[in-house]
Every structure is written in structure tokens, then in C-alpha cells.
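[1] Sequence and computational prediction follow.
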Amino acid sequence: GIMAIEMSGGVYCPLSPRDPQHRLHTLIEQTQCRIVLLHWLTMNIFNDGSISFDMSSILVDNDMHSSVDTDQLSKVTVRPDNIAYIIFTSGSTGIPKAVQVRHRNFSKFMCSLIYDGVVNEKDTILQIARCSFDVHVQDILGTVIIGSSVIMLHPEGIMDSDYLACVMKEKSITCMTTVPTIIHNLFTYLQQQNRHNATQYLRSICSGGELCSMKLIKLMSNTMKHACRLWNMYGPAETTIDCTFHLFNNTVGTENIPIGRPLSNYKNLVLNDLLQSTSINEEGELSVGGVGVFAGYLGRDDLTAKALIEIDRELFYRTGDLVEMDNKGLIHYVGRKDHQIKLHGQRIELGEIEQCLLRTSVSACVVIKWSDDYLVAYVQSSDINEMQLRKHCQSHLPSHMTPSIFIILDKLPLNANGKIDRKLLPSPDFSFVHLKTNIELVKPTNTIEYTIHHIWCDLLKQKQISTNTNIFTLGGHSLLIMQLFHRYKIEFCLETNALSITNLFQHPTIINHAQLIYQTMHMTENISDYHWSSLHIMKAKASFAQERIFLDEQIRFSSTNSNTNNIYVIPLIYRISSMNDHISISQLQHAFQSIIRKHQILRTTLSLDTNGNIIQHYLDANIITDDRKFSRFSMIKFSNEEHEKNEIVKKILNQSDLFDLSIGHVINCHILRCDQLNHSFTQNNDDLLTNDDLILFTIHHACFDGASVSIFIRDLSLAYQSNDLLPIDDNSLQYIDYSIYEHVMDMTSSQEFWQLGLKGYNLTHQLSLPVDRLRSSTDQQRSGLASTAQISFDDAICASFLNYASSHHLTLFQLGLSMFFIFLLKLTHGQTDLCISSINANRYRSELVNMIGMFVSTLPYRVELDPQWSFDEVVKYVQEKCLSILQHSHYPLQHILADLHLTQSNVSFLETMFDFITISNEGADLCLNGANLEEVSLNESYEMAKFDFSLNFIYNSSSDDNQLSCSFICSRDLFDERTILTLIQRFQYLCKQQFSSIWIGEPVDTYSTSISQLNFILSNETKEMQDIVFCRQESVKNQGKFYLSYSFLFMDIFI
């Protein structure tokens, strides 16, 4: 994105998705930008109808590649004085300042770094800075200018020293630029863990953004066993990243470390209030001139005029920093002229925070930096509390600008001039939080809590901390959480990836951290050897199955497509079959809500956090009573016409607002009332259902699967019968607990199994299916519309099929899958190495059997067939393949693809699917007191094509005839109905050849005959083929009487 903007002549202005939405909107409005480039993971930030600025185009990056006309770039003219990028800095008036940097500023700054030996073209640079810090422009664009390499970290990488150490060693990092706090945490970790070799390739470390200490220099020197240059860099954004540098010398001693000399092509002046040069060691304001001086603040000429001064016909930027110059010409930082500060490398105008606070009921306030680590806000007010102030700041300011503590005073101390006297402000006492909020001091209750309590007190310099106190109310910040993370790993001997920093952020109390560590310690021992129990967690990463569904909707079935169908809706529709008692709608609604209260997964939100992780968060049970917000229960009138009923059902299933995962709206109940002449229709909840009425449940697949249906029906019947809320066991295992257990399971052996099983297979190669059209190479979106066809096998075929499975100790799934592979072998002109996908129930533990949720796993099934094999040999081979997969079926599809460097959007086996569905009477019908309801099959027109080519085998044991059937559900984007109809007839013909002669009539040894002898030509096509002239490819290995059929079906092999 950055490169595209610069190459097209645009101006790059980074926005951090971690910033509050209100602030992001303010920044965009200030720049008046015409285009905002978004990653689809953060697109939800701009889905707010209250946005007042005009964005003429939003380009969404969802990893789809398209062809680019690079010739257009030759028409773009970029001049040295054009603006290259804009970076926002804090503003004292409450409005951030937009610093404009020209192309010549940036390119000449990089030349200065090269000339002074800070970086060179052979460097491999580790990109650490966040996008709100201008150093990231140097790391990313600067590497392009000088021809070096840059290594990017994953979103949480900067917080994980273990991960950083691994990257530094594996990627041979030679240069890194970051703030002293990050360097201190990293090198402390490396020294504690004796991982000195992680820095073996480092030749240059640049420290900037904060004052550097001799203690840090000694730490780095003691950790690295080789010569490495340590640079102290200084520079405000207005001078293009850096303007001075100092190369550390171990012989300097303990004196104040200078910020050094000006970079090449820069000038530094130390001026007094009269803009005259100061004497040696005399304090003055640093003014910077040279190649890096910025173009000015966007839209703020008044501020630009104050910031820039002209000396000897050259512009200098007044930094506001007080410095001294020693007799060696080295500049030493003293402090600020105003109330601007640096905190963890970020430049902050305290006045911006004060202006934010003054927009509340606060009458006066002042914000100070305390002990180099914390922001403390003193406010004068009598009708506001700390929680309200913190919430206001969090919604308007970046996290690094939200004060750690708020001290509310009746009156702020004033000096003789009537101004706030900062010297008389009371020192912050973090125990003040307990007094102010009346929080009772809760002491640790177990060994883990005692250990964590000791760590907190040590880092926060406190004697006592309540175990239920939020760390952020005690001055906690991201770097402190990072320190906790590494202390926990050392104290509790945790494995590298066992604990998540994100979880520590989301659960910020000692009690929460103790629970997380307890779970981590016990689950990593051997998660399979003990009973899974409730972890009492409200928020966690989504399960792997939820992630797959969520991403599939975002990528393969993007909402940007004109199609509005709900791809992942599970509809359950019921009709009264017998009624000894009436069904009360109000009682049904009560039972419906009771189900949602009992099963947390039915009131769980799914959303993206700022790091791109999909997070599930279950809502309080009482929230479901707000029907207007969730619209979960509704009634709709229809006439007794079948056509109208079908149209209403179709309309419901295609509602764009049927679900909203972001607020936990994942299930609905629709009462379809038949409006007959003798039935007065109303929408009063006291109405009773009649024989012609229908009940339709619509449930999102991200929280529900096929095995959940019987559990849902059972609990709904119990809740209706009792007319009371179902009991909720707080200690019962919930779906969110399963998700956590799943994420920490040791899957090493399964990983090895799948890597070996798919070795040598080209997963991006598509099967040679007889499609009627291809998708555009630039538009891979799927409509979800289906071309379908169904057939039923006669009783004789069904009997043969069942008997063969029984006598050979096969499951019906294994036998049906074998037939499908033989069919694909024929259909693809003898392609023997086949890989398709199929689903597994994945309820591999007893604790999961009676739980509602989405457990289904999608797995690749790869076979390498020999056309000369007999049917028996094929079946035995497929059976062994299925059995070997069974113990590794819990391994997530995402992991399988990641191991192969693929994503869900570009893998072929996901597009051909097989499933075998067994239907029985048990648990299928709904009983509400004396009324029995039977499930109604949906019309074929409701089918959605989640895959390009899908075969569903269906066995209905409760049916009197035609127990065995199958259906093809294929994407209408690729296949016409007539093609699918022909294909299913061929499949039916294959099955008839294989099973009609095995058990019916004279014994024929078809199961020991080569599968290449199976015929693929339908009887009605024999005569037509006599009139078709065709040639056969030599590479086709089938030996039967057929190879070709209609030209539209096999046109690729005609000459």
C-alpha cells in the first residue's frame, strides 16, 4: 500500500487501527483525503453512518491479486518538492498537527544516514516501529531507496521478546531502530535466557524517542559478544525523523549521554530567547536547519509560521527542546520549553489531553508526566468520577495518551498569578484508586496469585494491590504488560507460545492472570489426559471452525459482491403433524429465550480485534430480553398457497440483516401464520398455533452444526414443557472453553501426518471438471447460487449398497466416498492423484457430545488410484485412508494450509466436497407438550453452493422406500443445470453397474474386475455417439468402451 501510494504520486498518511474511531474520523477529515486504503480486517472501523467526510473511493485489500497496468506509472510525475508523507503529532489545542514531509526531505535524510554509516545497502533491517511513529517510514521506504532488506513482524511481535529473538537470529538481522524501553526489555530477556547468539548478526542499533542511559548501554554491551555500533538518535517529525546522532563510546563514563552532532546536510543552532547563539554549556532552544526541514503543518499556516524561523535566508525549525552544547560540539538534551513530553517514544502535547478532559464537566485540569512512565491527570470537578473520565479519554485519544491515573480535586492549587501551580499538586498515590472507588482490598488466595501479586508490586512499586484491580487503573501500559508477560514465562516455566499477550490485555487483573496461567500450566501438561471443565472465561479467540466460517464469508463469499444470500444459514422448519394440545406462542418464545440463556454460544459475538484476531465474546444472559435490538422472534402472515410460503421462506433466508455476528445476533425464530378465512390473524403473543402454521428457526453456522440440531430440539421441548427457565450450571463446559482447550492442544503429530499425506500434491491445481464457464482471473468472488440435481436409488440398489458395506465392515461414508473417487477418476479423464475435501463431526471427546456449537472440521482426502485396481481394492484403500485420518481430524484446516503456505482463497481441494448424511427419526421431530411437529424439507431452490462441486449422499433409515439418494450441489458460477443433471445420471449409472449385479440375479464378479471397465456412457447416448467423430488422447488410461460424450461436456479433448 505504501509503495503504491508513493509510486502513483499520492501522499502517504498512516492511521493506526488501534486509535479510537472518533480520532480516526477527525484525522481523515483534517487531511480531506479522497481515498482511504483499508485492510478488510479493519474495514469495520469505517462502517459508521455518522462519518461526515466524503471518501470517494475505498479500496479493500483482502489478499486478492489482480493485473496492474504498470504503463500508467510512466505518466506520473513526482517532483522533489511534492509531499511524500504526512505524520500526525500531538497538538496543544486538542487537534493533532499534520506534519508534511517532502520527497527531497526524505531522500536526502536517507542519504545522510548512509553517509554517516548508520545504515547501508547490505543491511537486513528489523521493522519494529508502529505506523504512528515516523521511523516506520525509514524502515520500509528507506530500505527501498538504499537497496537493503526489511523484515516485518506479526502484529504482536514487538511485545514478544522470544519471538523477536527468533526473528533476529533466523533472518540475520543487522540493523534495528526502536525506543530504549523496547531495547531494555529485549536485551534483559536475552541476558536472562542466555540467548546471546540472537544478536550475532547485529552491527547497528539505533535508539531514539526517549533519553538513553549508560545502564542500557552496559546491558547491550554485556549481552553482545561482538562489536556493534550503538547510536543515540534524536529528531522531531518536523526535521524528517532524525536530525542528530551520537555513536556511543564505552569510555564516556556515567555522564549525561549527548544527543550528538547534526547529521550530514543538517545544521543545529542553540539560541536564546533573543534568537542569538548561546555560549558553551549555556542552555538554549535547539533550532534545526538543513535538508530535513518540513514543508509545514497541513492547513495550519499559523502554526507553521510560529515553528519556522529564517536565519541567513535559511529556514530553521524551532524544536522547543532546551539543550546545551559542550566544548566538543556535542549537544545535550535538558528538557522542554513547554509542556510537550515524550512517553515510550511518542511525542505528546499534554495540552491535547487537557483539552479532551475539558470537553466533559471538568472545570479545570492539568496533566503531567510522572516518573518517566505514567501520565497523571488532575481535574477539578464535583460531579464526575474516574471511570467516566477514563472512558471519555479512551474513546477520543490513543491508548498511549490516556492518563494512567485521574486525581479528582475540589480545587486545583493556584499561584499568585492565578495560574495552576504544578509544584503544589499532590504526588500521585496509586493506592488512591482504592480509596476513591471504595474497592475492598482482596488478597491473594493461592500460590499462583501470590506470585503474580509479588510481580505486580515489584513492577508497579506498590506494597499492596487488590487482586481484582484493573492494572490500567494503576498506571499499567503496553510495555508493562510486556514485562509481565516475560516475568510470567520465567516464573512459571511456560512454553514459548503457551501464553498470549492479548489475553493478558483483555483480562487485566491478578485474578484473571492467575486463571490464565493456571489453565496454561495444566493444559500444556497433557490436555488429552483429563476431563475438560469450565474455565469461566467470557472472551477468547474464536475456535478454528469459527475462524474458518468467518473468513470464508469475508473472502470466498465477500459482502462486497452483489449477492445478498446468507451462505452460512442453517434453516430448521417444522409443521404440526398431530396436536392433542395447542401450542402457545408466548410459551414458545419463553422457551426459545431459555435455550439462548442456557447455551452461551447462542449469545456470542464474533469480531476482529486490532491485531486481526477473530475474538468470541459471550454476552450476559439477561441481554436476550431486549428483543427490539436482536429481533430474534418474529411472526409473518402468509396465505395457504404453497408458492407464497416458499417465497416468504426464501425472503427470510436472504435477509441481509438476518444475522449480525458483531452483536451476537446468531439465531432467530420465525412464526409463519397461515391466514385462512376462518382464522383471524393477529400478532398477539397469546395467539395459538394452528395446523397450517410453520415454525422456522434460522441459525448461523458459526455457532451451530448438524449434530447440534437434536440437542437444540431436546432442550426446546424441555423448556416449553416446564414453562420455566432451563437451569444454568456455571461450572458446565461451554463452547468458549472448548475453543481455549483446542488452541493449546499439542498437535505436532497431526501436523506431521498432514504434511506427509499431502507431500508432492499440487494443491493449487484444479481438477479437470467439465465446467460450462470459468471465473474471471480478476474476480474470484462466488455468488453462492447453486445448480442442483437429485436422484433416488431403487430398493435393489440400496439393499446391495447396505449389504456390501455390512459384509466388508465399511461405514456408509467410506463406501460412498469410494464411489465418488471412481466417478472423479472417470470424469477427469483418468486423473489418478485426486484430492477433495470432506467434513468430520469432530466431536472427539465425551464432553462435546451434548454441546451446541460449530465443531465440524473440513479436511483434505487425497488418494492415488490405479485404474487397474478392482472395486474391492479401491474400497479397502479408501477405508484405510479414512481410518488414518480419523485420529488427526481435529487438526484445523487453517494449520494445514498455513503449513503449505496457502490460504482458504487459493486451494483447489476446498472446491470439491463429499458428504454422507444419515437421517433417522431419533431427535428429528419436535414435541411441545401434546403437539408433535415434523421437520419439513426445504425446496431445492434454497440450496446454496458453498463449494464449486459437491456430492451429498443421503441415507434415510426411516423412509419406507428410496432410502438411498444423492444430490449434486454445484456453483452456478461454473455449471448449468443441464450439465449437473447429466453428471448425476452418469453417477447413478456407475452405481447401478457396481451394485445391481453384485447381489441381484446371477452372481457377477464386478467387485474384482478393474474399475476401468466401468462404463460412463448413458444408454441413450450410444446411438448419438455413432454420429460423433472424435479422437482420444494417448495419455488417457481408461480401458473401457467409452471416453467421451457430448462435445459440450468434454470439448477440451476434441481436435
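    Yep, it's here.
[2] got the domain boundaries for the protein?
    Domain assignment of the chain by automatic domain parsing yields the ranges 1-78, 79-336, 340-428, 447-530, 544-730, 745-1026.
[3] Tell me which of these sits nearest to I736.
    Of all these, domain 544-730 sits nearest to I736, with 6.0 Å by C-beta to C-beta. Every C-beta, even on glycine, is put in place using the N, C-alpha and C of the backbone.
[4] what about that closest one, distance to the chain center?
    Relative to its chain's centre, domain 544-730 lies at 26 Å (C-alpha atoms, centre = their mean, to the nearest Å).
[5] gap between the two ends of that domain?
    Start to finish, the residues bounding domain 544-730 are 24 Å apart (C-alpha to C-alpha, to the nearest Å).
[6] ok so, going back, include mean neighbour count, distance to Y738 and mean pLDDT when you put the domains of the chain into TSV, please.
    Putting those into TSV (neighbours: other C-beta atoms under 10 Å; distance: least, C-beta to C-beta, whole Å; pLDDT from 0 to 100) gives the following:
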stretch	mean neighbour count	distance to Y738	mean pLDDT
domain 1-78	14	24	69
domain 79-336	18	23	90
domain 340-428	17	31	82
domain 447-530	17	11	79
domain 544-730	17	9	82
domain 745-1026	17	6	84
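[7] Following the chain onward from the strand or helix carrying F820, which element is next?
    Here F820 sits within helix 812-827, counting by DSSP states H and E. Note on helix 812-827: by DSSP H and E, the next helix or strand toward the C-terminus is strand 833-840.
[8] chain center to the helix holding F820, what's the gap?
    Offset of helix 812-827 from its chain centre (C-alpha atoms, centre = their mean): 36 Å.
[9] elements contacting that helix?
    For helix 812-827, the packing partners by 3 or more C-beta pairs under 8 Å, 6 or more residues apart in numbering; DSSP states H and E come out as helix 795-807, strand 833-840, helix 871-886, strand 912-919, strand 949-956, helix 977-999.
[10] For S732, which of these is the nearest?
    Of the helices and strands packed on helix 812-827, the one closest to S732 (C-beta to C-beta) turns out to be strand 833-840, at 24.6 Å.
[11] so the closest one versus strand 949-956, what angle?
    Strand 833-840 and strand 949-956 meet at an angle of 50 degrees, taking axes from the mean of the first three to the mean of the last three C-alpha atoms, to 10 degrees as the criterion.
[12] Parallel or antiparallel, list what pairs with strand 833-840.
    The sheet places strand 833-840 alongside strand 857-864 (antiparallel), strand 912-919 (parallel), with pairing taken from DSSP bridges.
[13] Next secondary structure element downstream of the last one?
    Next in sequence after strand 912-919, counting helices and strands by DSSP H and E, comes strand 926-928.
[14] Mind giving me the packing neighbours of that following strand?
    With contacts defined as 3+ C-beta pairs under 8 Å, 6+ apart, strand 926-928 has these neighbours: helix 708-722, strand 931-935.
[15] and the helix or strand just after the longest one with helix 708-722, angle?
    Which is helix 708-722. Proceeding C-terminally, helix 708-722 gives way to helix 735-744 as the next helix or strand, assigned by DSSP H and E. Helix 735-744 runs at 160 degrees relative to helix 708-722, counting by the same axes, to 10 degrees.
[16] Now do helix 735-744: which elements does it pack against?
    helix 510-526, strand 539-541, helix 544-554, strand 614-618.
[17] CA-only coordinates of the last one in CSV, if you can.
    What follows is the C-alpha trace of strand 614-618 in CSV, where atoms were taken according to Å, rounded to 0.1, in the frame of the first residue of the first chain:
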residue,chain,number,x,y,z
ILE,A,614,-11.1,-13.2,15.5
ILE,A,615,-12.5,-12.9,19.0
GLN,A,616,-15.6,-14.5,20.5
HIS,A,617,-17.3,-12.9,23.5
TYR,A,618,-20.4,-14.3,25.1
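[18] Quick one: residues in contact with that strand.
    Outside strand 614-618, the residues within contact range by C-beta atoms under 8 Å, 6 or more residues apart in numbering are 538-543, 546-547, 550-551, 600-601, 603-609, 664, 734, 736, 739.
[19] again, but for the first one
    Contacts of helix 510-526 with the rest of the structure, by C-beta under 8 Å, 6+ apart, involve 442, 444, 446, 448-449, 452-453, 456, 465-469, 484, 488, 492, 494-495, 498-499, 503-504, 507, 530, 535-537, 740-741, 744-746.
[20] Now with 6 Å, please.
    The contact list for helix 510-526 (C-beta atoms under 6 Å, 6 or more residues apart in numbering) reads 448-449, 452-453, 467-468, 492, 494-495, 498-499, 503, 535, 744.
[21] Then the shortest one?
    The list of residues contacting strand 539-541 from outside it, by C-beta under 6 Å, 6+ apart, reads 506, 613, 617, 736, 739-740, 743.
[22] what's H22 in contact with, if anything?
    Residues near H22 by C-beta under 6 Å, 6+ apart: 395-396.
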